[in-house]
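In: got a sequence here, can you model it:
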Amino acid sequence: MTSHSTLPADSKPTAIASTGQLRSHPIHRSIVTIAVLCYVWFLAFAWLFFDRDGRIGFDLAVASVVSMMLFTLLLGGALRAKDEPADHETLPAFLDGDVETFTGPMKGRMAAWEILAMPVALAVGTTLLGLVLALAG
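Out: Residues are numbered from 1 along each chain as shown. Purely as a prediction, here's the structure:
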């Protein structure tokens, strides 16, 4: 029986340390902070704008639980990387540098974009939709 891998043979991790573990370059604290604040913003504005008459509280509770799961994943990754030595690195240096991932290195700017796209879109979308509903009704 052969083993099947989800990665192509030529995309093996390139950052294997001598211990056989995948090395990780920590995500800059500013990126994590922005993502967490966007999730908090999303939840606060969702409850403020959309639960005016109490009829969609359950739906908002489900959205809150899903957001907290995403937040917990992000926070867990940040806590796991906290012991890395690059915590003092500046944000511009992080954005221009490389970040090691399981599939190989990528630019810090791209890693930041991948991390921040969802929470920023949720926060901005919730705010805009809430403002439209508030102005219309």
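In: the spatially most central residue of the chain is in what secondary structure piece?
Out: The C-alpha lying nearest the average C-alpha coordinate of the chain belongs to I115 (C-alpha atoms, centre = their mean; 3.7 Å). Using DSSP states H and E, I115 sits within helix 108-136.
In: just to revisit the earlier point, hang on, the residue nearest to the centre of the chain packs against T33?
Out: No. Applying C-beta atoms under 8 Å as the test, I115 and T33 come out as separate, 11.2 Å apart. For the C-beta atoms, the positions are set from N, CA and C on the backbone; glycine is no exception.
In: sketch out the helices for this protein, chain order is fine.
Out: With DSSP state H as the criterion, the chain has helices at 29-50, 57-80, 91-96, 108-136.
In: packing partners of the last one?
Out: Yep, that's helix 108-136 we're talking about. Judged by 3 or more C-beta pairs under 8 Å, 6 or more residues apart in numbering; DSSP states H and E, the packing partners of helix 108-136 are helix 29-50, helix 57-80, helix 91-96, strand 98-101.
In: quick check: angle from it to helix 57-80?
Out: Interaxial angle, helix 108-136 versus helix 57-80 (axes from the mean of the first three to the mean of the last three C-alpha atoms, to 10 degrees): 160 degrees.
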